[in-house]
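Enquirer: below is the sequence, then the predicted model.
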Amino acid sequence: MSNINHPIFARVYKWISPLAEKQGSADHREKLLSGAYGNIVEVGAGSGTNFSHYPSAVSKVIAVEPEPTLRKEAVRVSRNLSIQIEVVDGTSEDLPVDDNWADFVIFSLVLCSIENVNTALAQAKRVLADSGKILVYEHVRSDNPKEARRQDLVNRIWPLFLGGCNCNRDTPSIIQNSGFQILTLDSFRFKPTKIWIPMEPHVILSATAI
């Protein structure tokens, strides 16, 4: 058992997530997953928000989620879909998936909160088939130095209230330094509220192991 329990965050996330979807996050997920096919490992599947966006070319999804409240919701969501989705307990640092099984590994708004990102990416390499790819949707560190400093300041307390989320990670650089080649990279700002939040810079990217 993974024993990662954030019940308050999980309940808040279930409330906030539909609002973000309406503001544009659903379109981002659609773009992220539009080319996916075959066997999929989704790391940190949360409440199953991605599930309805998987195209029919997907054969099976193993959705790994360590948080019990979110995992229960993901199981419920998976029952209403035609695609085969198996929701399992597990962590990104020790994926319960066979070597070389996956055509794609999905990281969707989760690399911000994984404690050991390098280990998680090494696990992604392990489970990917030779021609497999990772697909990533994530908020990232700003390219603007002034905004990045604001993110650093906010991040002193941000993870304490947001389930370990870090708002200032340079995720594309981490991915490259972990032995992946970035194939596509779309950088954009996502502002679901009128006030500034430290999570506005986003990326959608694909990468393959080298």
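Expert: Perfect, thanks for sending it. Numbering: from 1, shown residues only.
Enquirer: helices along the chain, start to end?
Expert: Assigned by DSSP state H, the chain shows helices spanning 7-20, 26-33, 68-78, 117-127, 145-154, 158-161, 171-177.
Enquirer: paired strands for the longest strand along the chain, with orientation please.
Expert: In terms of residue count, the longest strand belonging to the chain (DSSP state E) is strand 128-139. Strand 128-139 sits in its sheet next to strand 102-108 (parallel), strand 201-209 (antiparallel), going by DSSP bridges.
Enquirer: wait, which of those strands is closest to residue 24?
Expert: strand 201-209 (9.8 Å; Cβ to Cβ). Quick note: C-beta positions are derived from backbone N, CA and C, even for glycine.
Enquirer: any weak-confidence spans in this structure?
Expert: Applying pLDDT under 70 to the chain picks out residues 1-20, 22.
Enquirer: from residue 54, how far out is the most centrally placed residue in it?
Expert: Centroid-nearest residue in the chain, with Cα atoms, centre = their mean: residue 108, separated by 2.0 Å. The gap separating residue 108 from residue 54 is 11 Å, by Cβ to Cβ, to the nearest Å.
Enquirer: could you find the closest non-adjacent residue to residue 117?
Expert: Distances taken as Cβ to Cβ, 6 or more residues apart in numbering place residue 174 nearest to residue 117, at 5.4 Å, with adjacent residues excluded.
Enquirer: no further questions, thank you.
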